[in-house]
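J.: when you get a sec, could you give me coordinates for this:
(2 chains)
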Amino acid sequence: MSILAHGQASSPDEAAEPPARLSYVWKRRLFLAALAAPALIYVVAVAGGPIVQGFLYSFESYNLIRPTSRHFVGLDNYAAFWRDPTARAALVNTFVFTIGAVAVEFALGLGIALLLWRDDLFNRIVLGLLLIPATVTPLVVGLVFNALLNPDYGMLGYALVQIGLSGPHGLLADPHRALLTLIAIDAWEWTPLMALILLAGLKTLPADVLEAAAVDGANAAQRLRHVVFPLLIPAAFLALVLRMMDAFRVFDIIFVTTAGGPADATNTLMIYGVKQGLEFFNIGAASAVSTVTTLCILAMAFALICVAKPAKNRQA
Amino acid sequence: MKPFIPRLATFSFVALTLSAPLAPASAEARFDGVTLNLASQNDQYAAVLAALAPEFEKLAGAKVDVDILSYPELLTKITADYVGHAKGYDIATVDIVWSGQFAEAGYTVDLADWIKRDAAEIKVDDIYPSLMSSLGGYKGKQIAFPFAGYANVLAYRKDLYEAAGLKPPATMEEFVADALKLTDPSKKAYGFVANGQKGPAVAQDWMQYNRQFGGSVLDAAGKPALNSSANVASLVEYKKLFDQAAPPGAVDYDWGGREESFRQGLVANMQTWSIGAADYDNPKVSKIAGKAGILPSPMAKGLPQEYGIGGWGLGVNADIDPKKKEAAWAFIKWVTSQPIHKELNMRGAGSYLRKSEMTDPDLLAKFPFLPVIATSFEHGDGDFRPRIPQYPELQDIIGSAINAVLVGQADPKAAMDEAQAKAEALFK
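T.: Residues are numbered from 1 along each chain as shown, chains lettered A, B, ... in the order given. The predicted structure is shown next:
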């Protein structure tokens, strides 16, 4: 039954005003709010509270080794972050890693998803096998690749040196190739997840639209470009945002392979922030790094929304 | 199959050790109903400590739960526990380099008075003074009781030295010369290996070599002196060793990579902590079983013999109730007592403390390199890594600078000048 049928709310503005007796709209809103309340309370308590607390710490000089000397310092932690060349290098490296890793994973993931689109037994088996890397914890992935890429006794590292694809120190100790190597390791682990999300998106595409395009004479490339890709935008958006957020916070793989080196070549915001917080116990500085990380992720997510929304509107 | 008599002897020894006169320290005290939570670093001693802890409950009534943690996890958890006054851990293993931080923050009980009071019972004279002062001693306080002493030793390949007609090095000059002579990359043979990876790995190894080359991270006044001519010269020498005598991948090695390269038979010399020494002769994990020798680390000509020492103490949480503090102290006295500490080491803890352990026939039969550790402890230097509150930041600065030099991203003098400027800011 429509709202107008009740004659209680003839326009959206009027609908926003709570009348003396609750309308259907308000009852529905309250019902939905009640359904969402437990999750909201949980998020506020578990995520919102610490985020706000961390944000407030970022304006303090607060070191756990000297807890009594805690005091307000305004933006000093942010200024110190910006003045520190290591921190600036970490910021740049994090963006390079995130953009590089997500781009590679998206391109490969899309290719794999298209290859596995047809639903048959072989593809289902291949998909299951492909997901194995994503089930391994990143710490283990880092340790395994660290051993494999060792140029002295690592199976892969030794071979790469012999065929000239790696310098004598190995890929992970080469300041010019270490970050690229870590991007490749990340892609090895997370491309299957990207493929899985995109494949799920492909499976939801309406078959009649694709058939209509084929009947209209569109070839495979045209169908991909004008039908499949536009319809895949919501799934692609989800995959890109999820991986972007995760890649931006990369820590484990780098921690166990290069510890941020050689020099500052693979130092990222998380490596830098964890060092500040859990090695030096400098909570103020670590909170500032956390805030910068959160802002960067929000900015990248916003940029993705800005790109995806017009494309989706055009499709509509 | 293992012969019957030695098995019987081992069994009898263990049974005797764990039964009758376990620890005079806590024989009369009972702590029934008390549970002590012990946070332990995941070193070789941890599993043995956990296995022996129930014996203390039988003797003194207090249950000891050992929580075995990785290094970063241990430091994070106990610091959060101390700062939040949560009393989650009653006892914790305390790394030698945390002494300054912990003393300044007052996290753990100052044990100095208790040690003085119970000196005869503890048999303090049997404990190496270098370990007592380093593993918890700081500016008159004793923030932890020494528990697991490690010596920095030179592990070398006896077979390779013999084949080359060389004697093991007695000085750093000989060490460098031998390392270069024993290197032949075409045969994948290298004369030297050390940690090169950015961070604590390269910082800690370089600080040890730096001391042996005659450098010092701090000056006589306790202020940073990273760009002193001795330190820069030692870094130049260190880089030479990496460039000309180390496996190429060593610039990214941490402790695991370094040890593995030695056990795989790639290198002829490696300085390391004594705790790993027993493994070199274990054919299950080592390709060089029977070929490795252990010596005190060499010093440059003309320098006094001072050997790097490290390891762990046991600290008591300052926040816990007096009854628990008593129980914790009783446990520490028990676990570091002569029979129990010997038993720990018989079971492979690799963590020495007492002079009597170095001459004990059972231990010597199992670990023939003990005299080397004894020499190192007698002339031990626990301050080659400065045990000061600024240590974590200082270590990070050093670790970044040395790694940048090793991978060719910075010149030694320029890197140390930059590191010195950063280090000075820590001391303002």
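J.: and the stretch 301-428 of chain B, which residues reach chain A?
T.: Neighbours of chain A within the stretch 301-428 of chain B, by Cβ under 8 Å from any Cβ of the partner chain: B:Pro389, B:Pro392, B:Glu393, B:Asp396, B:Ser400, B:Asn403, B:Ala404, B:Leu406, B:Val407, B:Gly408, B:Gln409, B:Ala410. Bear in mind the C-beta positions are built from the backbone N, C-alpha and C, glycine included.
J.: any chance of those in CSV, with neighbour count, secondary structure and distance to B:Ser130 too?
T.: Putting these into CSV (neighbours: other Cβ atoms under 10 Å in any protein chain shown; DSSP: H, G, I helix; E, B strand; the rest coil; distance: Cβ to Cβ, whole Å) gives the following:
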residue, neighbour count, secondary structure, distance to B:Ser130
B:Pro389, 21, coil, 22
B:Pro392, 22, helix, 23
B:Glu393, 18, helix, 26
B:Asp396, 22, helix, 27
B:Ser400, 26, helix, 30
B:Asn403, 32, helix, 30
B:Ala404, 25, helix, 33
B:Leu406, 33, helix, 31
B:Val407, 23, coil, 35
B:Gly408, 15, coil, 38
B:Gln409, 15, coil, 37
B:Ala410, 20, coil, 35
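J.: buried ones in whichever strand or helix holds A:Thr191, by neighbour count?
T.: In the assignment (DSSP states H and E), A:Thr191 maps to helix A:178-203. Buried positions in helix A:178-203, judged by neighbour count with 16 or more other Cβ atoms under 10 Å in any protein chain shown: A:178-183, A:185-199, A:201-202.
J.: residue in chain B nearest to chain A?
T.: Of all residues in chain B, B:Lys198 sits closest to chain A, at 2.8 Å by Cβ to the nearest Cβ.
J.: okay, strands next: where are they in chain B?
T.: For chain B, the strands defined by DSSP state E cover B:35-41, B:63-69, B:91-95, B:137-138, B:141-142, B:145-157, B:269-273, B:292-296, B:307-316, B:380-381.
J.: just give the number of residues close to the residue in the stretch 151-300 of chain A positioned nearest to chain B.
T.: Closest to chain B within the stretch 151-300 of chain A is A:Gly261: 2.8 Å, counting by Cβ to the nearest Cβ. For A:Gly261, the neighbour count with other Cβ atoms under 10 Å in any protein chain shown is 31.
J.: and if you look at B:Gln271?
T.: Counted with other Cβ under 10 Å, the neighbours of B:Gln271 add up to 22.
J.: for it, which residues are in contact?
T.: Counting by Cβ atoms under 8 Å, 6 or more residues apart in numbering or on different chains, B:Gln271 makes contact with B:Asn152, B:Val153, B:Leu154, B:Ala155, B:Ala194, B:Asp205, B:Gln208, B:Tyr209, B:Ser297.
J.: how about those residues in TSV, adding neighbour count?
T.: Conversion of these to TSV gives the following (neighbours: other Cβ atoms under 10 Å in any protein chain shown):
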residue	neighbour count
B:Asn152	24
B:Val153	26
B:Leu154	20
B:Ala155	25
B:Ala194	25
B:Asp205	26
B:Gln208	23
B:Tyr209	23
B:Ser297	23
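J.: count of residues packed around A:Ala134?
T.: A:Ala134 is flanked by 17 other residues according to other Cβ under 10 Å.
J.: quick check: it vs chain B, distance?
T.: 24 Å (Cβ to the nearest Cβ, to the nearest Å).
J.: excluding its backbone neighbours, what's nearest the residue of the stretch 151-300 of chain A closest to chain B?
T.: B:Lys198 (2.8 Å; Cβ to Cβ, 6 or more residues apart in numbering or on different chains).
J.: what do you get for A:Ala285?
T.: According to Cβ to Cβ, 6+ apart, the nearest residue to A:Ala285 is A:Gln276 (4.4 Å).
J.: looks like that neighbour contacts A:Asn282 (just checking).
T.: Yes - the pair A:Gln276 / A:Asn282 is scored as a contact, 4.8 Å apart, by Cβ atoms under 8 Å.
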